[in-house]
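In: attaching a predicted model along with its sequence, questions to come.
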Amino acid sequence: MNFSKYKKSIIACVLALGIGVGGGYYFFGSPVTHQTTVREQTKQNKPITDTRNTYVVQAAKESGPAVVGITTQVFQKDIFNRTIYAGEGVGSGVLIDNDGHIVTNNHVVAGAKNGEVTVSLSNGSTVTGTVIGTDAQTDLAVVKIDPPKDIQPIKIGDSDSLQVGEPAIAIGNPLGLEFKGSVTSGVISALARTIDDQGQRFPLIQTDAAINPGNSGGALLNADGELIGINSSKISKEGVEGMGFAIPINSAMTVVDSIIKNGKVVRPYIGVWAVDRQTAARNNVSYEGEGLLIVQLDANGPAAKAGLVEGDTIAQVDGKDISTLLELKEQIDAKSPGDTVLVSYTHNGKMKSTQLKLGQASSN
């Protein structure tokens with residue numbers, strides 16, 4: 001295999017690939033003077049019947065107040081390198097505790113001036129929020145506000161217990177704050193979905209509950225009104241409907257807890273850039289053995305220090321077969337910096353094993 005001949009094109013492919021995120025809703029330029037006016041219907045005092053009081057109604061009442069709107073002022077550089085106001089980005093967030101921590105998507109708060117955003121609460125009031133940390137790899141961020149007296153954080157569910165076909169409820173602010181608190185319902189369409197092996201950090205939840213621009217960072221609930229996911233991306237190609245995606249809350253909370261504790265995400269690091277067989281084939285490269293082809297290494301990283309070189313293929317980590325980048329990331333992310341893992345790999349057609357001490361990487 002003439003590996004060096006194709007190395008640059010493969011690396012370019014790796015760097016170009018990234019999980020598609022959507023849902024932030026942006027207003028650019030001067031404030032719009034003619035906007036659609038949306039009026040809410042007057043609440044009725046008549047008691048709701050048992051037939052109408054469905055799980056969706058109950059979940060929306062219980063968890064809806066924990067879903068907030070997040071407005072981020074967007075600034076850009078002009079041709080004279082001056083910072084100018086370009087507009088506003090609007091997304092959603094979820095209040096997760098009594099201390100005023102809000103989970104949202106990284107792209108919702110990206111570029112916030114001085115790390116400040118405007119948070120619109122369900123009671124109609126607005127407060128200033130501070131972005132305490134972000135993680136572009138998982139598209140997650142945490143915003144902190146001074147907790148209001150009537151704070152109603154959401155109940156955290158268990159995304160590992162989800163079943164395909166069970167109800168799913170999405171709450172957020174599609175198309176901006178005029179439609180804040182919109183509720184849509186559907187089912188869990190699939191679990192452990194992969195959109196892009198190269199950029200995706202963990203498997204996603206797929207749902208047919210409508211998720212539109214502005215829903216990013218909003219809540220995906222189960223029928224008990226518990227938070228099971230953070231709405232993060234949507235396939236929005238022409239002719240494709242009913243395919244929304246959310247970050248499983250069990251995976252998200254690991255990232256969120258690290259941001260709250262450290263102001264950033266601290267994760268283990270092995271220092272390799274690798275591709276699976278399918279990606280290699282697209283670049284007219286084939287290789288022997290099973291696993292992932294190493295196309296580049298950090299010369300000072302753990303893998304290089306353990307003896308791995310470009311062209312080797314990683315077959316197993318701690319005895320578990322590795323065939324996709326997602327599987328490699330899951331195995332490594334389950335460890336901590338400083339831990340040692342057993343890596344089995346193919347070198348010049350021969351299977352070898354080595355102990356690899358994990359390094360440390362952070363989101364900042």
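Out: Ah, there it is.
In: now residue 268: which helix or strand?
Out: Using DSSP states H and E, residue 268 sits in strand 266-269.
In: show me what that strand is packed up against.
Out: helix 325-333, strand 359-362 (3 or more Cβ pairs under 8 Å, 6 or more residues apart in numbering; DSSP states H and E). C-beta coordinates here come from the backbone N, C-alpha and C atoms, glycine included.
In: pLDDT on the longest one, on average?
Out: By that I understand helix 325-333. On average, the pLDDT along helix 325-333 is 87.
In: likewise for the shortest one?
Out: For strand 359-362, mean pLDDT rounds to 84.
In: can you show me the helices along the stretch 251-364 of the chain?
Out: 277-282, 302-305, 325-333 (DSSP state H, counting those that start in this stretch).
In: buried residues in the last one?
Out: To tie it back to what came earlier, the one meant is helix 325-333. Across helix 325-333, burial judged by 16 or more other Cβ atoms under 10 Å covers 325-332.
In: what's near enough to touch the residue lying farthest from the centre of the chain?
Out: Residue farthest from the centre of the chain, counting by Cα atoms, centre = their mean, is residue 46 at 41.1 Å. By Cβ atoms under 8 Å, 6 or more residues apart in numbering, residue 46 lies in contact with nothing.
In: how about residue 329?
Out: 201-202.
In: next secondary structure after the worst-scoring helix or strand of the chain on mean pLDDT?
Out: The weakest-scoring helix or strand in the chain, judged by mean pLDDT, DSSP states H and E, is strand 25-28 (a mean of 41). Sequence-wise, the next helix or strand downstream of strand 25-28 (DSSP H and E) is helix 55-63.
In: how about that following helix as CSV, C-alpha atoms only?
Out: Once non-C-alpha atoms are left out, helix 55-63 reads as follows in CSV (Å, rounded to 0.1, in the frame of the first residue of the first chain):
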residue,chain,number,x,y,z
TYR,A,55,-49.0,12.4,29.1
VAL,A,56,-47.9,15.2,26.7
VAL,A,57,-50.0,17.7,28.6
GLN,A,58,-48.7,16.6,32.0
ALA,A,59,-45.1,16.5,30.8
ALA,A,60,-45.4,20.0,29.3
LYS,A,61,-46.9,21.4,32.5
GLU,A,62,-44.3,19.8,34.7
SER,A,63,-41.1,20.4,32.6
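In: residues making contact with it?
Out: 48, 154-155, 167, 169, 171, 183, 185, 219, 221-227.
In: secondary structure element for residue 246, which one?
Out: Judged by DSSP H and E, residue 246 forms part of strand 244-248.
In: that strand pairs with which strands?
Out: strand 204-207 (antiparallel), strand 227-234 (antiparallel) (DSSP bridges).
In: state the mean pLDDT of that strand.
Out: The average pLDDT for strand 244-248 rounds to 92.
In: can you pull the buried residues of that strand?
Out: 244-248.
In: same question, stretch 278-287
Out: For stretch 278-287, by 16+ other Cβ under 10 Å, it's 279-280, 283, 285, 287.
In: could you find the closest non-adjacent residue to residue 349?
Out: residue 288 (5.8 Å; Cβ to Cβ, 6 or more residues apart in numbering).
In: which of the strands paired with strand 244-248 has the lowest average pLDDT?
Out: strand 227-234 (a mean of 86).
In: what's the helix or strand for the residue lying closest to residue 67 once chain neighbours are set aside?
Out: With sequence-adjacent residues excluded and distances taken as Cβ to Cβ, 6+ apart, residue 67 is closest to residue 171, at 4.6 Å. Element membership for residue 171, per DSSP H and E: strand 167-172.
In: what angle do that strand and helix 55-63 make?
Out: 40 degrees (axes from the mean of the first three to the mean of the last three Cα atoms, to 10 degrees).
In: and whichever helix or strand comes after strand 167-172, which strands flank it?
Out: Note on strand 167-172: by DSSP H and E, the next helix or strand toward the C-terminus is strand 182-193. If you go by DSSP bridges, strand 182-193 pairs up with strand 167-172 (antiparallel), strand 204-207 (antiparallel).
In: what sits up against the longest one?
Out: Read it as strand 167-172. Against strand 167-172 from outside (Cβ under 8 Å, 6+ apart): 23, 55-56, 59-60, 63-64, 67, 92, 181-188, 205, 207-211, 214-223, 225, 228, 231, 244, 246.
In: now do 6 Å
Out: 56, 59, 64, 67, 92, 183-188, 207, 209, 211, 215, 218-221, 223, 231 (Cβ atoms under 6 Å, 6 or more residues apart in numbering).
In: what mean pLDDT does that strand have?
Out: 94.
In: list the buried residues of it.
Out: Buried-residue list, strand 167-172, by 16+ other Cβ under 10 Å: 167-172.
In: check stretch 255-265 too.
Out: 255-256, 258-260, 265.
In: shouldn't residue 222 be in contact with residue 158?
Out: No: Residue 222 is beyond contact range of residue 158, at 8.8 Å (criterion: Cβ atoms under 6 Å).
In: between these two, which one's more packed in?
Out: The neighbour comparison of residue 222 against residue 158 (other Cβ atoms under 10 Å) goes to residue 222, with 24 against 12.
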